[in-house]
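**Q** Have a look at this prediction, sequence included:
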Amino acid sequence: MSDNIFEGLDEYLPVDDTIFKDKKPLDHRFLPENLPHRKNQITAIARYWVEALKGTTPSNITIYGKTGTGKTAAAKFAKEQLIDASKDKPVFIRVEYVRCTDFNTEYQVLTHLCQRLGRDVPSRGWTKGEIVNAFRDILRRNAFGRNLILIVILDEVDILLEKDGDGLLYTLTRTDNIAILSISNYLNFKQFIKPRVASSLMDKEIVFPPYDAEQLADILEERSELAFFEDTLEDSVIPLCSAMAAKEEGDARYALDLLESAGDIAIDNGFDKVLGKFVREAKDVIEYNKVKDVVITLPTQQQRVLAAILKLTQEGEEITSGKLFESYKEISKGDAVTYRRIFDFVNELEMLGIISTNTVSKGRAKGRTNIISLQIDTDLLEENLYNLL
DNA sequence: CCTCCACTGGAACCAAGGGCAG
DNA sequence: CTGCCCTTGGTTCCAGTGGAGG
């Protein structure tokens, strides 16, 4: 018998969608054919990069902008265009995109770049110096026959700089034929760059302002044509999504998320049209999932800290670091980490927006302390931390 | 302005994963 | 195979700092 076990199981496939034509355009990683309202920024990049087509190394560029302002998309778009434009030119240009959240030390980025350029190097074991040499060797030797110009896009550089310092930038700026495009969420990331590197970085800056509601609407309009079947969106849906996202600092990613979740909610409720009220529901769903995601992916020790905060909050106590540590020790039952470490955890939790802290000094007798308060719903926390309490 | 104590930055340590010379 | 050196991610240890009540 040659019956295949996958035969006749069509009924288990999801039913054909009556709302979504294709969800991909709603993903923030989707790269559309044009990026509305980012012409200026993209041409700014192109004006610097055009030098590469003439065979000279372009200036270094830094892009600033909050999340969801199209930084990554613009950089990737420029990358595609540059590669395309270089096809019939006597130059060899490589553009490598590196997300510094994935490769967050100098060593890792250089290893990654070497591998991308066809040189197999170990991900551990070598000294930093050996990796740097291997990397420079590739560029020096014109390994690709013609003069190679390498453009490195460092997305979310601030992460790398904070963690590993400016060593990578130092190495890259001191290697010939390399141009850097760094992308940062924060304007102040240069505090991590030492003067000796800053002076050789000599970068040009491009700012990506937040989108306003109208611009967001244009973006959603364009994407929704690709993503939804005709007449499946109530007229109020797109204006609602854009208005809500405009309030969230003009975050296009958030606007797209809202639109997609609203569609999902419509399907779940058996509708074949997305109504305005689903957008409002979508907002809650997204918030909920975001927090849940953060909480459950937290390392155990940090979950315990959070559980301790939750417990104290429920007991109605004002939470100081000292009390928190006591409560934390109780929850960890012996497997506890030092007081010092808790401070780092608290800071990280604050960074994630889960808690807020307020340092007050109570003078001679009490010294300084942090007053910690929870910023999210206690029920939601309880649901996800029940195993620790 | 002193002082106390929670906070903070940095060094140092540890275990795990890996390369390389001998 | 063995010993030694490397990075990484987590931690602990210790010596400062800062700020308002005294």
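**A** All right, it came through fine.
**Q** Look up phi and psi at the residue in the stretch 101-250 of chain A that DNA strand B sits nearest to.
**A** Per CB to the nearest atom of the strand, A:Gly125 is where the stretch 101-250 of chain A lies closest to DNA strand B, at 2.5 Å. C-beta here means a position set from N, CA and C on the backbone, and glycine is covered the same way. Backbone torsions for A:Gly125, taken as degrees, to the nearest 10, come to phi 100, psi -40.
**Q** give me the number of residues near it?
**A** Using other CB atoms under 10 Å, A:Gly125 has 8 other residues around it.
**Q** Check A:Glu330 too.
**A** Neighbour tally, A:Glu330, other CB under 10 Å: 12.
**Q** before we move on, which element is the residue nearest to it when sequence neighbours are not counted in?
**A** Leaving aside its sequence neighbours, A:Glu330 sits nearest to A:Ala308 (CB to CB, 6 or more residues apart in numbering; 7.7 Å). Secondary structure from DSSP states H and E places A:Ala308 in helix A:300-314.
**Q** after that helix comes which helix or strand?
**A** Proceeding N to C from helix A:300-314, the next assigned helix or strand is strand A:319-320, under DSSP H and E.
**Q** returning to that earlier point: give me the distance between the residue of the stretch 101-250 of chain A closest to DNA strand B and A:Asp164.
**A** As judged by CB to CB, to the nearest Å, A:Gly125 and A:Asp164 stand 18 Å apart.
**Q** buried ones in the helix or strand where A:Ser200 lies?
**A** Per DSSP H and E: A:Ser200 is located in helix A:195-201. Across helix A:195-201, burial judged by 16 or more other CB atoms under 10 Å covers A:Val197, A:Leu201.
**Q** Report all helices and strands that it contacts.
**A** helix A:167-173 (3 or more CB pairs under 8 Å, 6 or more residues apart in numbering; DSSP states H and E).
**Q** contact partners of the helix it packs on?
**A** For helix A:167-173, the surrounding residues in contact (CB atoms under 8 Å, 6 or more residues apart in numbering) are A:60, A:105-106, A:109-110, A:128, A:132, A:135, A:152, A:154, A:160-161, A:178, A:180, A:182, A:193, A:196-197, A:200-201.
**Q** does A:Ile149 count as helix, strand or coil?
**A** strand (DSSP: H, G, I helix; E, B strand; the rest coil).
**Q** is it in a bridge, and if so with what?
**A** A:Ile93 (DSSP bridges).
**Q** Quick one: list the elements packing against the helix holding A:Ala308.
**A** Using 3+ CB pairs under 8 Å, 6+ apart: helix A:300-314 touches strand A:319-320, helix A:321-332, helix A:339-351, strand A:368-374, helix A:378-385.
**Q** tell me the strands in the stretch 101-250 of chain A, going along the chain?
**A** A:148-155, A:178-184, A:204-207 (DSSP state E, counting those that start in this stretch).
**Q** mind giving me a markdown table with the ones you listed and columns for distance to A:Phe345 and mean neighbour count?
**A** A markdown table is the format used below for the strands of the stretch 101-250 of chain A (distance: least, CB to CB, whole Å; neighbours: other CB atoms under 10 Å):
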| stretch | distance to A:Phe345 | mean neighbour count |
| --- | --- | --- |
| strand A:148-155 | 27 | 23 |
| strand A:178-184 | 25 | 24 |
| strand A:204-207 | 34 | 16 |
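**Q** between the ones you listed, which gets nearest to DNA strand C?
**A** strand A:148-155 (15.2 Å).
**Q** now the angle from that closest one to strand A:178-184?
**A** Calculated by axes from the mean of the first three to the mean of the last three CA atoms, to 10 degrees, strand A:148-155 forms an angle of 10 degrees with strand A:178-184.
**Q** Give me the contact list for strand A:148-155.
**A** A:49, A:52, A:55-58, A:71-72, A:75-76, A:79, A:82, A:91-101, A:109, A:113, A:117, A:139, A:142, A:160, A:168, A:172, A:177-183.
**Q** can you give me how far that strand is from the chain middle?
**A** Mean-position distance between strand A:148-155 and its chain equals 19 Å (CA atoms, centre = their mean, to the nearest Å).
**Q** Would you mind giving the domain segments of chain A?
**A** Per the record, chain A has its domains at A:38-207, A:211-295, A:298-388, by automatic domain parsing.
**Q** List just the one of those domains that sits closest to DNA strand C.
**A** Nearest of the domains of chain A (CB to the nearest atom of the strand): domain A:298-388, 1.9 Å.
**Q** send the alpha carbons of stretch A:77-95 over as PDB?
**A** C-alpha atoms of stretch A:77-95 as PDB (Å, rounded to 0.1, in the frame of the first residue of the first chain):
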ATOM      1  CA  PHE A  77      15.800  49.700   0.500                       C
ATOM      2  CA  ALA A  78      18.900  51.800  -0.200                       C
ATOM      3  CA  LYS A  79      21.000  48.600  -0.100                       C
ATOM      4  CA  GLU A  80      18.900  46.900  -2.800                       C
ATOM      5  CA  GLN A  81      19.000  49.900  -5.000                       C
ATOM      6  CA  LEU A  82      22.800  50.300  -4.700                       C
ATOM      7  CA  ILE A  83      23.500  46.700  -5.500                       C
ATOM      8  CA  ASP A  84      21.200  47.000  -8.500                       C
ATOM      9  CA  ALA A  85      22.800  50.200  -9.700                       C
ATOM     10  CA  SER A  86      26.300  48.700  -9.400                       C
ATOM     11  CA  LYS A  87      25.500  45.800 -11.700                       C
ATOM     12  CA  ASP A  88      26.700  47.400 -14.900                       C
ATOM     13  CA  LYS A  89      29.600  49.300 -13.300                       C
ATOM     14  CA  PRO A  90      33.200  48.200 -13.000                       C
ATOM     15  CA  VAL A  91      33.000  48.200  -9.200                       C
ATOM     16  CA  PHE A  92      32.400  45.500  -6.600                       C
ATOM     17  CA  ILE A  93      30.200  46.600  -3.800                       C
ATOM     18  CA  ARG A  94      29.100  44.400  -0.900                       C
ATOM     19  CA  VAL A  95      26.500  45.700   1.600                       C
END
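**Q** All set, thanks.
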